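K.L.:
Predicted model follows, preceded by the sequence.
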Amino acid sequence: MNPSPIDWEQLDMITDGFAPDFVEIYHEYLAEFPGLLTQLREAVQACDATTSARLAHQIKGSSANFGFVGTSRPAANLEQEAKQDSLTNAETLIDEAEAGFHAAVAEVKSRAGV
């Protein structure tokens, strides 16, 4: 059985019952994520470990805030590899982060209707 792509305890802690302010911030995150992922893919393709580490860090942090562990964990692994000037597993980790993001969004929509 696959673990949930979401740490529901974390998400519930910050949602305040999915208050309007939270929903607005959540939708901003959803809108910004694809662009960050595209930038990360471009940095990896350009073999730019410094930019890759920075973008992976940003994705890791924002995803972790929402409890999107299926996104934040691969981003954290990519950040660590990039900091060591290695992008060997970068494409796989980006794909994992993207899949985790889509799974988490679907789960939130199904469970909370947001």
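P.N.:
Now that the structure is in, tell me what you want to look at.

K.L.:
could you give me the average pLDDT of stretch 51-63?
P.N.:
Averaged across stretch 51-63, pLDDT comes to 97.

K.L.:
can I have it written out in CSV, keeping just the CAs?
P.N.:
Extracted in CSV, the C-alpha atoms of stretch 51-63 (Å, rounded to 0.1, in the frame of the first residue of the first chain):
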residue,chain,number,x,y,z
THR,A,51,19.7,27.0,-9.4
SER,A,52,18.4,23.5,-9.2
ALA,A,53,19.2,23.4,-5.4
ARG,A,54,17.5,26.7,-4.9
LEU,A,55,14.3,25.8,-6.8
ALA,A,56,14.2,22.3,-5.2
HIS,A,57,14.5,24.1,-1.8
GLN,A,58,11.6,26.4,-2.7
ILE,A,59,9.4,23.5,-3.8
LYS,A,60,10.3,21.5,-0.8
GLY,A,61,9.5,24.3,1.6
SER,A,62,6.2,25.3,0.1
SER,A,63,5.0,21.7,-0.3
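
K.L.:
Pull out the buried positions in it.
P.N.:
Thr51, Ser52, Ala53, Arg54, Leu55, Ala56, His57, Gln58, Ile59, Lys60, Ser62, Ser63 (16 or more other CB atoms under 10 Å). C-betas here are computed from N, CA, C, even on glycine.

K.L.:
any idea which helix or strand carries the fifth one?
P.N.:
This means Leu55. Taking DSSP states H and E as the criterion, Leu55 maps to helix 49-65.

K.L.:
What helices and strands are in contact with the following helix or strand past that helix?
P.N.:
Downstream of helix 49-65, the first helix or strand assigned by DSSP H and E is helix 69-83. If contacts are counted by 3 or more CB pairs under 8 Å, 6 or more residues apart in numbering; DSSP states H and E, helix 69-83 sits against helix 49-65, helix 90-112.
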